[in-house]
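# Need a 3D model of the sequence below.
(chains A and B)
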Number of protein chains: 2
Amino acid sequence: MTQLASMGGDTSADNESAGGGESRAPQPYALGEVPGPLDREQLRLLDQWWRAANYLSVGQIYLMADPLLREPLRPEHVKPRLLGHFGTVPGLNLVYAHVNRLIRERDLEAVFVAGPGHGGPGPNACAWLEGTYTELYSHITRDEEGMRELFRQFSFPGGVPSHCAPETPGSFHEGGELGYALLHAYGAVLDNPDLVAVAVVGDGEAETGPLATSWHCGKFVNPARDGAVLPVLHLNEYKIANPTLLARIPEEELLTLLRGYGYAPRVVAGSDPAAVHQATARAFDECLDEIRAIQAAARAGGAAPERRPWPMVVLRTPKGWTCPPVVDGQQVEGTFRAHQVPLPGARGDDGHRRVLEEWMRSYRPEELFDEQGRPVQELLELNPVGTRRMSASPHANGNVVRDLRLPDWRDYTVEVDPAHRGALLHEATRVLGTWLRDVTRLNPDNFLTFAPDELASNRLQDILEVTGRSWQAEVGEFDVGLDRLGRTVEVLSEHVCQGLLEGYTLTGRHGLFTCYEAFIHIVDAMFNQHAKWLQASAAVEWRHPVPSLNYLLSSHVWRQDHNGFTHQDPGFLDVVLNKDPAVVRIYLPPDANTLLSTYDHCLRSRHYVNVVVAGKQPQQDWLTAEEAALHCARGAGIWDWAGTEGGPGTLPDVVLACAGDVPTLETLAAASILREELPDLAVRVVNVVDLMRLLPETEHPHGLPDREFDTLFTEDRPVVFAFHGYPWLVHRLTYRRRNHAQLHVRGFKEKGTTTTPFDMVMLNDLDRYHLVIDVVDRVPSLGPRAAALRQRMVDARLRARTWTREHGEDAPEVTGWSWPGDAR
Amino acid sequence: MTQLASMGGDTSADNESAGGGESRAPQPYALGEVPGPLDREQLRLLDQWWRAANYLSVGQIYLMADPLLREPLRPEHVKPRLLGHFGTVPGLNLVYAHVNRLIRERDLEAVFVAGPGHGGPGPNACAWLEGTYTELYSHITRDEEGMRELFRQFSFPGGVPSHCAPETPGSFHEGGELGYALLHAYGAVLDNPDLVAVAVVGDGEAETGPLATSWHCGKFVNPARDGAVLPVLHLNEYKIANPTLLARIPEEELLTLLRGYGYAPRVVAGSDPAAVHQATARAFDECLDEIRAIQAAARAGGAAPERRPWPMVVLRTPKGWTCPPVVDGQQVEGTFRAHQVPLPGARGDDGHRRVLEEWMRSYRPEELFDEQGRPVQELLELNPVGTRRMSASPHANGNVVRDLRLPDWRDYTVEVDPAHRGALLHEATRVLGTWLRDVTRLNPDNFLTFAPDELASNRLQDILEVTGRSWQAEVGEFDVGLDRLGRTVEVLSEHVCQGLLEGYTLTGRHGLFTCYEAFIHIVDAMFNQHAKWLQASAAVEWRHPVPSLNYLLSSHVWRQDHNGFTHQDPGFLDVVLNKDPAVVRIYLPPDANTLLSTYDHCLRSRHYVNVVVAGKQPQQDWLTAEEAALHCARGAGIWDWAGTEGGPGTLPDVVLACAGDVPTLETLAAASILREELPDLAVRVVNVVDLMRLLPETEHPHGLPDREFDTLFTEDRPVVFAFHGYPWLVHRLTYRRRNHAQLHVRGFKEKGTTTTPFDMVMLNDLDRYHLVIDVVDRVPSLGPRAAALRQRMVDARLRARTWTREHGEDAPEVTGWSWPGDAR
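I've put the predicted structure just below:
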């Protein structure tokens, strides 16, 4: 018999076992007379709406039946697993209710960002009250039966998550991993001049790095062009088991911090509902007035006004406000014990269940819902109308996507003479930049570029010909290119770049994020969460596809020889490939024209994460525009001009495969050596642009059928594959392929040091000479010529290495190599 | 002929081509009479030391010969690739020189953390001046020949990186990826009461998220127990191509921000060397006085004093201070153009080279070095002595490691009756917590635990029996367990946890970081950099191994059913496996006793990153203490008691392999079904604790030789492998193994939704029933019994799924399963 030797609650950290003392339900409260902007009736109604949202939130956490408490709660009415965090919910509902007042009174266009984790019951409840839930999920009707289903499905198998998620009407922000609430809110308001994003920031979340730096984003918001973010720092003092830092510094220190971040904070604090309602209403009114004043000044024309602090609210209310004050003899309301589920024993413990019922009744459901469980009419009248409801916001729900106007990429390609391939060098990203410049120009309110101070370093500076860098702060004497209306955002935080772009694309606009390849790992976790959002939202029928999130990774691993080991990391590809194949794409264009073709494809796509890795250093152009278009459409193909195999129907002796610009260069250089040295060896060169082509078709929509894979890579010939990233990634993609045992991959293997470009490829055995050695070692039929060639290659490597050590740069025989042209 | 169609500098973003106008070298400056704490002679000497460091820094960036400018600079004296960033260097050298004064005058024990990137020439120069460079690298003598070599090796193939690195004497902080300077500094001073870590924070780095939140770390420093960090925010206004945010807000706003972070900032601003020297000396004196006052008050005993703001310095000096003011007609000093290399054409352009020479002469090398190139005696007298030199700090250079006192883990194991395995359930991490409690108790100044508010959630709360949570902020009425001397650090920032633990272990102490598995991706990039540091520092002969960085990942992917998809991500293992096998280890202990044995091993180890994934939910205990010890020593082994194969020499019909606690449970449940249903099927159960055992021995020190691998997994029998992570990771580890084609892996595949534990394993086909189906489908000899069993398994799955959807929890037949005991 299995026996539990050590007790432990399911998710709560400190839930002492039940029965240690009395438990007390909260009492229904009466609204006192508190002066403020709300008259008595407004106050009563607003509080009523708030109580309804709170009631519906508690119901979601606990109940799977008897939603209107028609009979005393029995164990089978209560869910066996109690999930969701009540602690933050009353605050979320309070803010939501009060923003609704602003929307109605000012015809405000607002979206709601719920930062605190697992507070999903709140926004679900609000959406149900507003009717949106029923419009989007017709079986969840706005009556008793629908209420029961709303409750039951919450954090229930097959139901909806405990935090805001794609399933949540009005949410474009996932509440799982903390830190990105402000970033998403700021991303949403860029180029949305009429929009106000109300972002509730939990004081737990506020401790994260991304959140801590994202307060500065106000400095990238132009009050004339963009909307505004209204941050509400919800200071309910506790995380799972600890107080929060920001709640445990003197209030003046906190306000000083927020002022330093560029805000004018207003504090709303208290636990008396009437007083908090009045204070919240006053603070929100003042904040909105101030936002409008800032915007009006900026939009009035004339000289750009001084940057002014943006208003914000500090909301200090008790954790789990309105929940049972004492459970099992311990204070719960206002403490960390209210963070998750205040009555963990509600199913099995009669006392807990009785208190739960009293707690729910303290919201006076009889005033909130009619006999059929419908919200009473006076509640409904508080709801904003149509798409003004935050739960129905087209910005949040993915319904405002406009296509980009894209110039024909072929007009930006570089000339390639098929008889002299590689005769010209271009910086691929710089060529792309000329096209992106015109993409920027043609889409003046629908396309933004983000970079962590790497736009010019990654050679996209031509964009700056048509726009500057977004900047609302001061301008120094020697600053160049700063622009209050700039359409590139540069800030030395990969988190901010990623988060703003996420917020911008999740609300239907387009953009790209260019970053050093190694440092994109900084946002691994954000990428993961965004890919999960895309995957999950694709399954939500009422959501429409949003623009793809596009990366341009440059300064890549093979061109970070000089910056050394810390700057060498191609592992983001591995992270990306772990996510759902339906939403991730990886491209490794080998030259300027293929990069153009690839990016044109990316900017037209929807609902993907597109990862494009391309070099910024001068490198050979291989393909004409037309060839590039075809090659990119294929994703992987044989470069006939580079190989020496016979005509159709014959098979090569060896396949040289490559993916990535530097591996392609080295592979072609190896092919040229083989052509010269072993003219009768039949060599095939295969280039892979679309990495997903390597996967079986069963694993990815771009996967090649086995037959086509075999046609490229043969069924039994040795394949020497020069790869941009870690070599085992290619094995992981191809281990099911017929010819996998013959596949030999060269890639990056954490051997970096301070070196030169060619020295670096030598360190990793990816250089032309070693690729020739790899061929020689794998084609048994070569005979004695092979041994001599092998030795020459070994010598060539030693010579090259010695040269770099002496001269500090690569040997002329390496840098001066050029493709021999069409020898056949 | 290959031809460069598009010009582009090598690394600098905006280096217009040379020749566009005049270039001006800086003039040698005279020190004015500026009143301040330095007398005239002190001022002269300090400035002289600073000039020497600056001269040596410029030399490193540009020269490969003629270090003392004995002849006019010729092209061949100048390196072909000019690397390193001069912009930040004069500030670094200024701070270093002034800290040296404090060290000498106060017998201060200090370490230096250089946050700004690619400023390596500065600390290299200082270490050479101090003699440490020569002590550690005897061929880099403190004379002309050594100076030449110091210059030449900088950012030269086979030489030292452009940023602070393991090769840099006195550095325990890598300068490659930005954001972690303050975290490392704070980690270093914990439990080091006499130490002051001077951390120079670049204003670029200050924009990153990790840096933005790490200002709060002062609230975890106990002035009685810990040392102090003296942050120097170096506001030189520019990044690569942009001004910095903090330099473009009004100074009062910046100071407000820093005060809000909990500091008392002092501003030093200027470009006149004498004035800046005096102001710096005054500010540093005041800061040190204040640090000592805070510490003295805390150490005086009696009531714990109020938290006071920590002093810090804002240093506002020109970018590239003392470099050529104008190059090619454009202002350089004090602008973004001074960020990298001010004279990019110094090798090929005569004008640039002439200005370079004048620039170096402006430091008056004839006053700095004698005829042999040795620093003049009065410079040497400014150096601190012995290990007081920051470049020779034993804290920084890894020479202060003390072993942990570890209680015998066997005293903490749970009882397992081999005749009734799995009869008891334990929360594995909670059992580990009892041992960690005593590790904490026995090592009161040498071991810390870090958690992002997840210590108790991950069931390590027994540690709190012997210590509280480190907390210097205010304490609320209902806060529990806060402790000014607490030895656990909880802050809701994975970056902070990781960074502090890095700083703590890099300076020789021990600790662990416990985190939800999914959210450890937040620090992927920091892990990458730390692994690179460990790898690179292992190759630096004078560095000693430091304690390992230990992770305990719990709330893992298979137990995040209720929190849903956002909390499900086992991909950190993939990230870890990309790094150098010499420094990374991954363990997946299947139960409480194996977790204890594993962690004992981890805390004894040096210079690794140990990743341990273990569950916090009640789960079966399988192995006795002795069995656990042996199994963990083996890393992977056959569990005879779970299999049904014959005696030695026979082979099984099928191998059920597993790695991870939940996969092990499901595998054993599958084995029990097979034993019941197909008693004559010879089943082998193999459990893998040490994931690296799967790799070939050529790829990892823990890798199994092929012969041993084949002994476990057979050469030709089907293997059904239930794996904790993404399934392709096992393929990536084993693709070279003989039996790989027969290996069928089940793991996590991004199919999560809100569900129950068993429902979740079913979603991923990792459940016991599906594992039986996998066996049936792969053992062709089973005949008609197989089809019937298969159908029963399909039905069992449907039943289980239906149950969860109806009841919200797993079916009793699943949760009530127990191991049948020894049937043989």
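
# Where does pLDDT dip in chain A?
For chain A, the stretches flagged by pLDDT under 70 are A:1-20, A:822-824.

# One more pass at 80, please.
A:1-20, A:302-304, A:398-399, A:647-649, A:752-753, A:821-824 (pLDDT under 80).

# distance between the helix or strand where A:Leu315 lies and the chain's centre?
Applying DSSP states H and E as the criterion places A:Leu315 in strand A:310-316. Offset of strand A:310-316 from its chain centre (Cα atoms, centre = their mean, to the nearest Å): 26 Å.

# same deal with stretch A:356-373?
Computed by Cα atoms, centre = their mean, the chain-centroid distance of stretch A:356-373 equals 40 Å.

# need the residues of the stretch 601-750 of chain A near chain B, please.
Counting by Cβ under 8 Å from any Cβ of the partner chain, the positions of the stretch 601-750 of chain A adjacent to chain B are A:Lys616, A:Gln617, A:Pro618, A:Gln620, A:Tyr726, A:Trp728, A:Leu729, A:His731, A:Arg732, A:Tyr735, A:His740, A:Glu750. Every C-beta, even on glycine, is put in place using the N, C-alpha and C of the backbone.

# Please narrow the residues you listed to those residing in helices.
In helices, defined here by DSSP state H, the members of those are A:Trp728, A:Leu729, A:His731, A:Arg732.

# Can you name the residues that contact the third one?
Okay, so that is A:His731. Applying Cβ atoms under 8 Å, 6 or more residues apart in numbering or on different chains, we find A:His731 in contact with A:His740, A:Leu743, A:Val745, B:His731, B:Arg732, B:Tyr735.

# What's the local residue count around the residue of the stretch 101-250 of chain A found nearest chain B?
Nearest to chain B in the stretch 101-250 of chain A, going by Cβ to the nearest Cβ, is A:Gly176, at a distance of 2.4 Å. If you count neighbours by other Cβ atoms under 10 Å in any protein chain shown, A:Gly176 ends up with 25.

# Could you count how many residues lie near the nearest residue to it once chain neighbours are set aside?
Nearest in space to A:Gly176, with sequence neighbours left out and distances taken as Cβ to Cβ, 6 or more residues apart in numbering or on different chains, is B:Thr566 at 2.4 Å. B:Thr566 has 24 neighbours, counted by other Cβ under 10 Å.

# so B:Thr566, which of the three states?
Recorded secondary structure, B:Thr566: helix (DSSP: H, G, I helix; E, B strand; the rest coil).

# any idea how far it is from A:Gly115?
The gap separating B:Thr566 from A:Gly115 is 14 Å, by Cβ to Cβ, to the nearest Å.

# Mind listing the shared neighbours of the two?
A:Gly175.

# tell me which residues in stretch A:810-824 are buried?
Across stretch A:810-824, burial judged by 16 or more other Cβ atoms under 10 Å in any protein chain shown covers A:Asp810, A:Ala811, A:Val814, A:Trp817, A:Ser818, A:Trp819.

# List of residues touching that stretch?
By Cβ under 8 Å, 6+ apart, stretch A:810-824 touches A:418-423, A:620, A:641, A:644, A:668-669, A:672, A:675-676, A:756-759, A:768, A:796, A:799-800, A:803-804, A:809, B:1-2.

# OK, contacts around the residue of the stretch 101-250 of chain A closest to chain B?
Neighbouring residues of A:Gly176 by Cβ under 8 Å, 6+ apart: A:Gly117, A:Pro161, A:His163, A:Ala165, A:Gln529, A:Lys532, B:Asn563, B:Gly564, B:Phe565, B:Thr566, B:His567.

# try 10 Å
Counting by Cβ atoms under 10 Å, 6 or more residues apart in numbering or on different chains, A:Gly176 makes contact with A:117-118, A:161-165, A:528-529, A:532-533, B:518-519, B:560, B:563-568.

# quick one, what contacts A:Glu358?
A:Ser23, A:Arg24, A:Ala25, A:Pro26, A:Gln27, A:Pro28, A:Leu69, A:Leu73, A:Pro324.

# A:Leu500 too?
A:180, A:182-188, A:190, A:214, A:217, A:220, A:448, A:450, A:489, A:491, A:493, A:511, A:513.
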